[in-house]
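1. what follows is a predicted protein model with its sequence.
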Amino acid sequence: MKAATRFGSIRRYLFLVLAVGAILALWIANRDLGARTIDITLSNLKEMLLVLPPIFIILGLLDVWVPRERMIKLMGDGSGWRES
């Protein structure tokens, strides 16, 4: 693995690593507040995982049912209030 690729992977997940590190540091410093933070984070993750699959299903159906040309017409160049 090249060094540039390795650092690209680290940079890609840097925010996640820093966030997990901050939550762990908070948990070590103040266990009650850290536990509450972890509970809220897991609750938000669960809610996101419950909402995203239906959205992806609806987008997939939209892609199948609506012709591509119509979507380009509605969302592409020349669409909107000012350009119509």
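-> Ah, there it is.
2. any buried residues in stretch 28-43, and which?
-> Gly34 (16 or more other C-beta atoms under 10 Å). All C-beta atoms are positioned from the backbone trio N, CA, C, and that covers glycine.
3. hmm, who's touching that stretch?
-> Ile23, Leu24, Leu26, Trp27 (C-beta atoms under 8 Å, 6 or more residues apart in numbering).
4. and the next element down the chain from the host helix or strand of the first one?
-> Okay, so that is Ile23. Using DSSP states H and E, Ile23 sits in helix 14-29. Using DSSP H and E, the next helix or strand after helix 14-29 towards the C-terminus is helix 31-65.
5. and that next one, what's its mean pLDDT?
-> Over the span of helix 31-65, the pLDDT mean works out to 95.
6. just give me how far it sits from the chain centre.
-> With C-alpha atoms, centre = their mean, to the nearest Å as the basis, helix 31-65 stands 9 Å off its chain's centre.
7. got the angle for that helix vs helix 14-29?
-> In terms of direction (axes from the mean of the first three to the mean of the last three C-alpha atoms, to 10 degrees), helix 31-65 departs from helix 14-29 by 150 degrees.
8. what sits up against the following helix or strand past helix 31-65?
-> Tracing the chain past helix 31-65, the next element assigned as helix or strand by DSSP H and E is helix 68-75. The contact list for helix 68-75 (C-beta under 8 Å, 6+ apart) reads Ser79.
9. coming back round to it: ok, which pair from the contacts of stretch 28-43 is furthest apart?
-> Maximum pairwise distance among those (C-beta to C-beta): 7.3 Å, between Leu24 and Leu26.
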